[in-house]
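> next comes the sequence, and after it the predicted model I'd like to discuss.
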Amino acid sequence: MKEITITAKDAGQRLDKYLRKYMPAAGSGFLYKMLRKKNITWNGKKAEGNELLQSGDVIRIFFSDETFAKMCGETGTAEGQDTGDKKNASVQMTGKSNRQQKALEAFQKWKQIEIVYEDEDLLFVNKPSGMLCQGDERDGLSLNDWILGYCMQNQETTKDLMQVSVCNRLDRNTSGLVLCGKTYAGSRFLSDQIKAHGFRKLYRALVEGEVFGVGALRGYWSKDATKNIVRITSKPVNRQDPVVETNYRALRYLAEEKKTLLEVELITGKSHQIRAHMASIGHPLAGDLKYGGHPFRGSRTQYLHAYAVRFPVVEGMFARLSGKCFSCEVDWLKEM
């Protein structure tokens, strides 16, 4: 029997969702069957799976060690209890899942990624250009894999690792600040902030031509999924096209190269928004061939960097972030 005590980090999520993360190799049908048969109990009683977990709740799993290890996607055996506390957890796996092996490979490949901020719930990193935020078997290694590998190297427990994930995504060739949750509470906090447009997102962009002063762009966003290209128009192409807003401020004009360095703020946040919005006013990003730009200094990818995030006033568990701004340097800007 395995016993799990829910901590504040995991409180607030549904029991069935927690179990699916805890035992990723177990199908939903199998888990619901185990709940019905009381092979998995919640606070000593039968559960439906839709219960919201609270700190101090106890989940008991009445599986053999072999079945438990298999459901967790591990190749070894598991012994002892997992209290949910990484200092006291005693579940030890002798083998590594495919996800863990991939994570360690990613960590070895990108050892020099800059950590901008870290605490027990959150990890903010400076993603290099050319790296996916999230990938699959076809796409290869990603920042998601790297973060998991980083946490494994820092001896986070196996069950804490199931929560690790990026919360805001950048295009493969856009560099800069990516916010990641290391726990359920951390991921939920960041996701809530993103949905509520709670924090300010600032970028550095190098665009073609001369741009003056400040500007506020507004338009309708539509995407051609087959070509993976976005259009921003003054009128909607389809009824459901969302409105997007982008603000910019000219920082410096590079007269010799006929380029302008901008500070860009995303008011909304849609795929390729900055790239498409700047192209729509005749100032595509340098190197951004997809949106009408031209190669620049040998590069055929966009000169765009997620420079900073400023948090609003925050109360409660994450008050430590209240009003704080996190930023990371722009590598290509050092050359100008």
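Here it is on my side, so go on.

> tell me the average confidence for stretch 30-49?
Averaged over stretch 30-49, pLDDT sits at 92.

> to the chain's geometric centre, what's the distance from it?
Centre-to-centre, stretch 30-49 and its host chain are 31 Å apart (Cα atoms, centre = their mean, to the nearest Å).

> stretch 130-137 too?
When C-alpha coordinates are averaged (Cα atoms, centre = their mean), stretch 130-137 and its chain have centres 11 Å apart.

> neighbouring contacts of that stretch?
With contact meaning Cβ atoms under 8 Å, 6 or more residues apart in numbering, stretch 130-137 is reached by 110, 127, 139-146, 166, 169-170, 172-173, 178, 301. Heads up, the C-betas are built off the backbone N, CA and C, glycines and all.

> now list the buried members of those residues.
Neighbour-count burial within these applies to 110, 127, 141-146, 166, 169-170, 173, 178, 301; the criterion is 16 or more other Cβ atoms under 10 Å.

> out of the residues you listed, which sit inside helices?
Among these, the members falling in helices are 143-146 (criterion: DSSP state H).

> and these, which is closest to Leu35?
For these, the closest approach to Leu35 (Cβ to Cβ) belongs to Asn144, at 29.1 Å.

> okay but the closest one is in contact with Cys167, surely?
No. No contact is recorded between Asn144 and Cys167 when judged using Cβ atoms under 8 Å, the distance being 10.6 Å.

> give me the low-pLDDT residue ranges for the protein?
Confidence mapping of the chain against pLDDT under 70 gives the ranges 73-97, 136-139, 155-162.

> re earlier: among the contacts of stretch 130-137, which are in strands?
Filtering those for membership in strands, criterion DSSP state E, returns 127, 166, 178.

> going by distance to Ala47, which of those residues wins?
Within the ones in strands among the contacts of stretch 130-137, distances to Ala47 taken as Cβ to Cβ reach their minimum at Val166, with 30.7 Å.

> okay, stretch 204-214 in PDB with CA atoms only?
In PDB, the C-alpha atoms belonging to stretch 204-214 read as follows (Å, rounded to 0.1, in the frame of the first residue of the first chain):
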ATOM      1  CA  ARG A 204      12.900  43.700 -27.600                       C
ATOM      2  CA  ALA A 205      12.400  43.600 -31.400                       C
ATOM      3  CA  LEU A 206      14.600  44.800 -34.300                       C
ATOM      4  CA  VAL A 207      12.400  45.900 -37.200                       C
ATOM      5  CA  GLU A 208      13.200  47.000 -40.800                       C
ATOM      6  CA  GLY A 209      13.000  50.700 -41.500                       C
ATOM      7  CA  GLU A 210      12.700  53.700 -39.300                       C
ATOM      8  CA  VAL A 211      10.000  53.800 -36.600                       C
ATOM      9  CA  PHE A 212       9.300  56.900 -34.500                       C
ATOM     10  CA  GLY A 213       8.000  57.500 -31.000                       C
ATOM     11  CA  VAL A 214       5.300  55.200 -29.600                       C
END
